[in-house]
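Asker: Here's my sequence, what's the structure:
(2 chains)
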Amino acid sequence: MRKCVRVLLAGLAMVMSVTAPSLAQTLRWSSAGDVISYDPNAQVDSFTQSVQNMVFDGLVRRNKEMAIEPALATSWEIVSPTRWRFKLRQGVKFHEGQPFNADDVVATIQRQIDPGARNRENLSAVTGVEKVDDYTVDLILRGPYPLLLNDLVAIYMMSKPWMEEHNALKPGNASTGVVTYASNHANGTGAFKLVSYEPDSRSVFAVNKEWWDKPQHNLTGVEFRPIASNATRVAALLSGELDMIAPVPLQDIDRVANTAGLKVVENPSLREIFLGFSFRPELHAAPGKPNPLLNVKVRQALWHAVDLNTIQKRLMRGKSRTSGTLVAPQVTGYDQSIDVALDYDVAKAKSMLAEAGYPDGFKVGLACSNDRYIADEQICLAIASMWAKIGVEADVHVESKTTYFPRMDKGDLDIYMLGWASLPPMDGYSVLQALLATNDGNYGGSNPNGLSNAKIDELARSASTELDEAKRVDMLKAAFKITHDEALYLPLHQQPVAWAMSDKVDMPQFPDEYVRPWFAHMN
Amino acid sequence: MIRILSVRLLQAILVMVAVTAIAFIMFRFVGDPVATMVREGASQAEKDALRVALGLDRPLFVQFLEFVGRALHGDLGTSFRYQEPVVSLLLTRLPATLELVVVATLLSLFIGIPTGVLCALKPNGFLSRLIQSLTLVGISMPTFVTGLLLILIFAVSLRWLPSSGRGELVDLGFWKTGFLTASGLKSLILPSITLALFQLTLIMRLVRSEMIDVLSSDYVRFAFARGLPRRYIYGRLALRNALMPVVTVTGLQIGQLIAFAIVTETVFQWPGMGLLFTNAVGYPDIPVLAAYLLFVGFLFVVINMVVDMLYALIDPRLRTK
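Answerer: Model (predicted):
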């Protein structure tokens, strides 16, 4: 037996030899979730899209300032309100060597607007595509549509011969059981080539030496490893197995920042967190009584009663940005003049409630997720205790996002927490269309609780077709002004995005939380 | 014998039907995958169309019958998240979990049996008391705490071992193994210890009490009286008899290990079936959840049946009933 033990120990010692140093300039990074699929049409997950962006290019892309610039298209013109003409870049090659031309764009767009594409709606304005010549393509639109370029940022060009070769011209789809070669292989024109993909383990990327653009990085490769457990992800960074983690859990920021050789980079993200109200005749928490939230004074009183400063300092550890509107400053349609929260004033809130006919307050449901937004559960509990001071008894209900959002969608909640990043278009119209417009057909998909304002509906519809950018922005601003004045939503703050990385890594951070290693430098 | 077999088979089928039904009812409360599957800003029409496409608009009863019908043909549906057939998903994740379970089992046997014997031979010695109290800690500490503690010591502080993942794998065509590379072996150590800890404690305590029982039996005392060598008495006579229940328990525990590798796999980002399951819960990927529960249920039913049959073979009294 003793011999056995000795052999075992010797074996262990052999295996435990010190971890080999990593290859120079390979960026090893981790996030909580994995890429769902490398098929650009098989999902709508924004994280997946961000990683795919390393391999694929769109016709247009976002630059370091988040502005839209040419990528695989060099220029474009609006031939008629329903026909946009794109000139394509010449001399571009896919990773496997196929030259890029108009046929690829036609095949890609057709795959994108195929009824079987999961993310078909990401290009909902486009009904068809026509090849003009080898390097010119026309997109046919349903009607005038101002956000086509914003949409095209997230439409990745695939190779037609490659798709034909692997029988992947049609997109993969869970509902019909279509699985394609494109799910776990990728052939794009982007800065990095996908070398291997093991779901839930790693994706390995090599530098595309024949990239059409001048590289702004000095990497030799990228390795992405998803690690779901927060503690393990942080441990992997501390142990030197990773160069970067995105995001770093809020509670670990101080510890990581105080570790030699590591740094934390933080910025406000695009995601705004706010509370939505029920505009139904009665509340779930108080059946049989008229809904007090229908009264603008009540909504404003609730806003006055929330101590946003304390939430910012205590719960968000000073990392969030308190706001008064539903979009971040980088988003088109943002209006600084209304980005002012109602001041924290308990006495005023009380008197407003009394004016509205609720001197003793009322009972209302308050619902939050506990695994979707930063400190979501704690914020809900804090708000409930703040409202208790003005006599509003909030019946707090906290649950996992998997059950929370379906309930919200069904309109089962009175007051509910919601976050919005207006991605991928990065345009205020996204808020108008999904949150502010009356739930009807293509509008109000995330406005399940009967909010309906005729003026906003009109603005949403005219903004959806207005091609004059200045006029369109004015429409967005007008709608946000009404939202603010009527307290249709109660804005809380802009969430922070926090990454932790080795000091050897130098990489810009973006408010859309995309990791863009093609801007990374390592020394 | 045949009667027993057919009765057991019938029972097994009933259990499987019950597991499937319970799983399906549970998913009513897991939530609606549509909310996580559509893009931010999706319209109501878009959401409704997706719900219809996934077949979620139909009554639960119909969905259940369809699922059972397809399952009987070996088709467990397509994952909402990965858009791949669930059966092939589970099969690609099986090697990771099995390798972890095998190593954990070997660890618990190779460490549990000797220490158990040691504790039985010198029940009041310092070493056996120390081991006893250490295992008490092992058995009462939650798996994720053990895992994180090991990561903290061996990955973060000492930097000897990787904190997560399976390392480099060798693809044998039908099986991706980590056994053939240094980084693969290194990656196995921490998660397998974490997973083995509970079973190790169980086996150690079982061996100890069985051994103490056997040592006080007449034939062992008689063997001492005959002056047989101690090694022979302990190793051949006592341990052999003490190991009988250990075999049974180990067999049953393998099912437990596969089912409860979930926590260990999540802590160590071990890409096995357990991690697949936790990710599916968060999505929620109903076909994967259903298939996994079905698989685990099936595993337990089969193991229990085999154990029962073995008992019947060994003990003739059970056959005559």
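
Asker: C-alpha only now, for contacts and for neighbours.
Answerer: OK.

Asker: Show me where the stretch 51-200 of chain A has its strands.
Answerer: Along the stretch 51-200 of chain A, counting by DSSP state E, counting those that start in this stretch, strands occupy A:60-62, A:68-70, A:73-80, A:83-88, A:126-133, A:136-141, A:192-198.

Asker: List the strands paired with the fourth one, with their directions.
Answerer: According to DSSP bridges, strand A:83-88 has the following sheet partners: strand A:73-80 (antiparallel), strand A:136-141 (antiparallel).

Asker: can you check the second one too?
Answerer: Paired with strand A:68-70 in the same sheet, following DSSP bridges, are strand A:60-62 (antiparallel).

Asker: Touching the partner strand from outside, list them.
Answerer: If you take Cα atoms under 8 Å, 6 or more residues apart in numbering or on different chains as the criterion, strand A:60-62 is touched by A:I68, A:E69, A:P70, A:A71, A:L72, A:A73, A:L149, A:L152, A:V153, A:A154.

Asker: Quick check: buried residues in that strand?
Answerer: By neighbour count with 16 or more other Cα atoms under 10 Å in any protein chain shown, strand A:60-62 contains the buried residues A:V60, A:R61.

Asker: so A:V515 is in which element?
Answerer: Remark: A:V515 resides in no helix or strand, with elements defined by DSSP states H and E.

Asker: Then A:Q300?
Answerer: A:Q300 is located in helix A:296-304, with elements delineated by DSSP H and E.

Asker: okay, now residue 102: neighbour count?
Answerer: In the absence of a named chain, chain A is used. Here the number of neighbours of A:A102 (other Cα atoms under 10 Å in any protein chain shown) works out to 22.

Asker: The chain in question should be chain B.
Answerer: Residues near B:V102, counting by other Cα under 10 Å, number 16.

Asker: The one 3 residues further on too?
Answerer: When neighbours are defined as other Cα under 10 Å, B:T105 has 25 of them.

Asker: that's a helix at it, yeah?
Answerer: Yes - when DSSP: H, G, I helix; E, B strand; the rest coil is applied, B:T105 is found to be in a helix.

Asker: where does it land on pLDDT?
Answerer: B:T105 carries a pLDDT value of 92.

Asker: gap between A:E77 and A:P287?
Answerer: 56 Å (Cα to Cα, to the nearest Å).

Asker: before we move on, what about A:P424?
Answerer: Taking Cα to Cα, one finds A:P424 at 39 Å from A:P287.

Asker: what does A:A73 give?
Answerer: Counting by Cα to Cα, the gap from A:A73 to A:P287 is 57 Å.

Asker: With A:T402 instead?
Answerer: From A:T402 to A:P287 the distance is 26 Å (Cα to Cα).

Asker: Ok, A:L326 next?
Answerer: Noted for A:L326: a distance of 30 Å to A:P287, by Cα to Cα.

Asker: Could you pull out the strands in the stretch 251-400 of chain A for me?
Answerer: Secondary structure of the stretch 251-400 of chain A by DSSP E, counting those that start in this stretch: the strands cover A:262-277, A:321-322, A:363-369, A:393-399.

Asker: who does the first one touch, helix- and strand-wise?
Answerer: Think strand A:262-277. helix A:253-257, strand A:415-420, strand A:489-502 (3 or more Cα pairs under 8 Å, 6 or more residues apart in numbering or on different chains; DSSP states H and E).

Asker: before we move on, what about the last one?
Answerer: The contact analysis (3+ Cα pairs under 8 Å, 6+ apart) places strand A:393-399 against strand A:363-369, helix A:376-388.

Asker: which one is residue 68 nearest to, not counting chain neighbours?
Answerer: The chain I'm using is chain A. What sits nearest to A:I68 in space, not counting adjacent residues and going by Cα to Cα, 6 or more residues apart in numbering or on different chains, is A:R62, at 4.6 Å.

Asker: my bad, the chain I had in mind was chain B
Answerer: Looking at B:V68 with Cα to Cα, 6+ apart, the closest residue is B:T20, at 8.0 Å.

Asker: Measure how buried the one you found is and give me the count.
Answerer: A count of nearby residues for B:T20, using other Cα under 10 Å, gives 20.

Asker: Report the contact partners of it.
Answerer: Contacts of B:T20 (Cα under 8 Å, 6+ apart): B:V68, B:A290, B:L293, B:L294.

Asker: Make a markdown table out of the residues you listed and add neighbour count, distance to A:L418 and secondary structure.
Answerer: Converted to a markdown table, the contacts of B:T20 look like this (neighbours: other Cα atoms under 10 Å in any protein chain shown; distance: Cα to Cα, whole Å; DSSP: H, G, I helix; E, B strand; the rest coil):
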| residue | neighbour count | distance to A:L418 | secondary structure |
| --- | --- | --- | --- |
| B:V68 | 17 | 37 | helix |
| B:A290 | 24 | 30 | helix |
| B:L293 | 19 | 32 | helix |
| B:L294 | 19 | 35 | helix |
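
Asker: now the closest residue to chain A within the stretch 101-250 of chain B, what's its secondary structure?
Answerer: Taking Cα to the nearest Cα as the measure, the stretch 101-250 of chain B has B:V156 as its residue closest to chain A, at 4.3 Å. Under three-state DSSP, B:V156 falls in the helix class.

Asker: any idea of the pLDDT on the residue nearest to it when sequence neighbours are not counted?
Answerer: Closest residue to B:V156 apart from its sequence neighbours, by Cα to Cα, 6+ apart: A:S239 at 4.3 Å. pLDDT recorded at A:S239 is 94.

Asker: Go ahead and confirm A:S239 touches B:F154.
Answerer: No - applying Cα atoms under 8 Å as the test, A:S239 and B:F154 come out as separate, 9.2 Å apart.

Asker: And the residue of chain A closest to chain B?
Answerer: For chain A, Cα to the nearest Cα, closest residue to chain B: A:G445, 3.8 Å.

Asker: Ignoring the adjacent residues along the chain, who's closest to that residue?
Answerer: B:S43 (3.8 Å).

Asker: circling back: name the residue in A:A73 and A:P287 with the higher neighbour count.
Answerer: A:A73 (20 against 10).

Asker: For A:E96, see how far away the nearest residue to the more buried one once chain neighbours are set aside is.
Answerer: Using Cα to Cα, 6+ apart and skipping residues adjacent in sequence, the residue nearest A:A73 is A:L88, 4.2 Å away. Separation of A:L88 from A:E96 (Cα to Cα) stands at 19 Å.

Asker: Have a look at those two and say which one is more surrounded.
Answerer: A:L88 (24 against 13).

Asker: Surely that one touches A:N101?
Answerer: Yes - using Cα under 8 Å, A:L88 is in contact with A:N101, at 7.2 Å.

Asker: any common contacting residues for these two?
Answerer: Common neighbours of A:L88 and A:N101 (Cα under 8 Å, 6+ apart) are A:Y135.

Asker: quick revisit: quick one, phi/psi of the residue nearest to B:V68?
Answerer: phi -60, psi -40 (degrees, to the nearest 10).

Asker: From the contact counts, what lies against the lengthiest helix in chain A?
Answerer: Counting by DSSP state H, the longest helix found in chain A is helix A:469-485. Applying 3+ Cα pairs under 8 Å, 6+ apart, we find helix A:469-485 packed against helix A:454-463.

Asker: does the helix it packs on come close to chain B?
Answerer: No - using Cα under 8 Å from any Cα of the partner chain, we find that helix A:454-463 stays clear of chain B, coming within 13.5 Å at best.

Asker: packing partners for that helix?
Answerer: helix A:469-485.

Asker: Show me which residues of the helix it packs on are buried.
Answerer: Neighbour-count burial for helix A:469-485 flags A:R472, A:V473, A:D474, A:M475, A:L476, A:K477, A:A478, A:A479, A:F480, A:K481, A:T483, A:H484 (criterion: 16+ other Cα under 10 Å).
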